[in-house]
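[1] The sequence isn't on hand, but the structure is:
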């Protein structure tokens, strides 16, 4: 033993394994990346959706956004890239002190493990793994498929109709200036039911929109058996069961995405 | 809001996303799987190694085991499979109450995200992602390669010499009856340096050995640049810097591996 | 130019790129590998099937076998491994000289490119690429999924019921002693319709059966759009359209597979 | 048998499996795709290089180009994408009739099987498989890694220095108007040494250059053992052995690439 063994530095932040060293906590750090996003929003049944919204939150509107993002030139991955599928709804947190509106991610699938770990452990974003194809682009048609160990569970198709310009573009750009998220960080107890951590976290993020197109979007869930997807089949079944009352806007957008992880904060 | 929104069940255990439901906590549950393990152990410099052992632990012996496991017919993955590389050392935890010996995993690379998440969040096993080839088998030669986004950082080669039989087999089988692990579960604070959870966890596991061979094992680390592996290059560099004073036993083993996750417990 | 440039050796056999050297043609060479095969056979409509059987062949029986093989410890891949899906029917070649019975592969999907190239270019076996999961094994249940760029097009499920023993095993073992194949090697003309090579090739192969189980097998095709699978969607559609009049035997088998490539011969 | 069985159409072109149907031969068809190319050229030793140039060709200059291309929005793959590494040298074919200059690809690695098959079988381009990372981009730094079953054998790094503009751009654009290739289509005999087809093929292609940057390029080969790469290790060793006498231009280019496959022709 003795003083040469590994000791945590009080001014650093760590991820497991901690004993190989962490990083000085830097409040000005931001995750910056290029992004192409294909987003589809639909109106669903409030009661059906509220089953999956924790009671600490209020559902602002019974709608669900299903969005593919292709992220690249990612600064914290030294220029690397990955794709994600974000399924989310608009919520309000009404705590004893905090009253904030943001987006609540029901689930994110990502095809890279490193951001899954940071998202879950730092900010409670419920990321899990899937294979996510880059967009196949045969203009004006765009398509992607999402699968788990060879089993497709989500396909998305988009037909671009019209570039967004003028006031519409300004409005969309303004809307993208706040894409803040509320994560629910849940870490289970060891050897017992219940949690060692169960926290709601406000996570600021935004997109500098550069180009956008509206068009016709469709998506389709395929339910999987427990043997096809033992850890996620219940999530897919839940999402597939949400009625699509009405498709709202479908948008293809390009720009720069920024995640302000160090300014995340616990909600109380 | 109201009573139809999602509420945690007090008798269940959850993983993120929690709001799609958890599992009743079952103390008798065990993770069971078939395994093929290729293990190489070497003696290193105590001071060099202790840099990476937290001071709450005592290094029992300055040795490091590098082991590939191919796991399949995994009950909790509905018959799925994955590979891992486990780099570990023998330690003792001397707490105010607990005094236990076990293996301390310095890092585990796994090629499947689901067990990375359970390992990290449930028991503090420091798992991260890599691509890990199944063993290439041209008897008596065995080989695997471990890479990150196309960059090889570890190769392992083995030449089987002799099947382990008789008393030697009984001794090895007995030794495999306890492969318990101490994990260090570290969850960072939000928006600040330091930890919200920093716990040492005892995690019982064992292998029912069925067959084993000894032989000549070699491994080679290749250091990567931050651009090749931005999140792990420091770990690889640390492991590559550990001097190999003497190779000890190299073993290829087959059997059944059991992880007793619900009987894991905090060490104090 | 001059004598130091690359020149073909008359006693060697080459694959592209030829100019890095070939291998001495060795008539005693055999491809040897371990294999696990899950095979399902069904009776279909003769006319439906004959659309896909070239008129140089005679369909011996209106049946189709769909078989997964996991191949490993492959000698010509230095101990590597890959999976394949073989869809085939029993045929007879009645040429001006040759009159032989064998299996005609309608298509093989493989998850490794090297054997796709040798199979196509050396023996006319119509191999194309797909992602093919190793069997998920939750005894007595076995499952695999086959997909192309994230789009599942075939799933296979098997429930093992009974180990094959005694006379049944001997009969099956005897049957596996000849798994010969007829390939149709077709190489197109350059800059014109038609072929530069169009040859039927007899390719001897067999399996040394070691263990087998019978059980209940099911498979399901999922048709894909041209955008999901631009080069194979017509093949999947054709196979999915074959009526399953009656499921015949489903077998899980283990053993050693041998391909006698150098004793392949043109059929005339 | 009879008239309902499969019969080739005389006006169509086919790939194996032919019996599911081909495509009407269309002389106006072109493969069109977006491309990002990172190209590095070096001067090497003439004799060293000529060992790998077939004697039917004349080496115009002892130089080798190593180029990564990321191809996307590919028309014949319905908007799909893939990457390739092209290693090539400038040659002249002096036949009994044809006298043409073009580029001779020593080898192409591609991370998608479909274009490997068309390239080899239609035009003799010696394509083989490797995993090829998309460019990691941390401006002005660009990097990729090429590996086979987890074993890195080529890394490329580029530091962009200067956008190409004005006359330099026009010159480069003009140069990219002809990227024609000579392939050597070699199909082995069945059951004997030697070839059933051994043809030199002229394959017209070009790039509509849109943007380009010059900079500093470096690449590094890592030789692999036969067990790491049983079918390609000799190719990598050959390329790694070519001395780099002088690095010439390194360029990052973006544009549209066009392959005029139906106007390919045999060289005699």
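    Received it, and whenever you're ready, just let me know what you need. On a predicted model such as this, the values are computed, not experimentally measured, just so you know.
[2] now the helices: where do they sit in chain A?
    Using DSSP state H, the helices of chain A run over A:46-50, A:113-123, A:166-175, A:233-240.
[3] Quick one: check the longest one for contact with chain D.
    Same thing as helix A:113-123. No. Helix A:113-123 is not in contact with chain D by Cβ under 8 Å from any Cβ of the partner chain; minimum separation 13.2 Å. From N, CA and C alone the C-beta is placed, and that goes for glycine too.
[4] quick check, that helix touching chain B?
    Yes. Interface with chain B: helix A:113-123 contributes A:113-114, A:116-117, A:120-123 (Cβ under 8 Å from any Cβ).
[5] related to what we said a few turns ago, who wins for proximity to chain C among the helices of chain A?
    helix A:233-240 (13.1 Å; Cβ to the nearest Cβ).
[6] neighbours of the nearest residue to residue A:63 once chain neighbours are set aside, just the number please.
    The shortest distance from residue A:63 to any non-neighbouring residue, by Cβ to Cβ, 6 or more residues apart in numbering or on different chains, is to residue A:43 (5.1 Å). Using other Cβ atoms under 10 Å in any protein chain shown, residue A:43 has 16 neighbouring residues.
[7] and what of residue A:204?
    Burial of residue A:204 is recorded as 18 neighbouring residues (other Cβ under 10 Å).
[8] Residue A:140 too?
    Neighbourhood size, residue A:140 [other Cβ under 10 Å]: 14.
[9] can you pull the contacts of it?
    Residue A:140 makes contact with A:159-161, A:215 under the criterion Cβ atoms under 8 Å, 6 or more residues apart in numbering or on different chains.
[10] Give me the subset of these that lies in strands.
    With strands defined by DSSP state E, the entries of those inside them are A:159-161, A:215.
[11] Which residues of the stretch 101-250 of chain A lie near chain D?
    A:134-139, A:141-143.
[12] Now list the buried members of the residues you listed.
    Buried by 16 or more other Cβ atoms under 10 Å in any protein chain shown: A:134-138, A:141-143, out of those.
[13] Among those, name the ones in strands.
    Per DSSP E, those map to strands at A:136-138, A:141-143.
[14] and of the contacts of residue A:140, the nearest to chain C?
    residue A:159 (11.4 Å).
[15] Residue A:216 is in contact with that closest one, correct?
    Yes. At 4.7 Å, residue A:159 counts as touching residue A:216 under the criterion of Cβ atoms under 8 Å.
[16] Tally up the residues packed near residue A:34, please.
    Other residues close to residue A:34 by other Cβ under 10 Å number 16.
[17] Can you name the residues bridging to it?
    On the basis of DSSP bridges, residue A:34 is bridged to residue A:72, residue A:256.
[18] And the pLDDT for it?
    With respect to pLDDT, residue A:34 has a value of 98.
[19] hang on, the earlier thing: CSV for the residues of helix A:113-123 next to chain B, including pLDDT?
    Converted to CSV, those look like this (pLDDT from 0 to 100):
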residue, pLDDT
A:113, 98
A:114, 98
A:116, 98
A:117, 98
A:120, 98
A:121, 98
A:122, 98
A:123, 98
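[20] For chain D, state which of those residues is nearest.
    Chain D has its nearest neighbour among the residues of helix A:113-123 next to chain B in residue A:114, at 13.2 Å by Cβ to the nearest Cβ.
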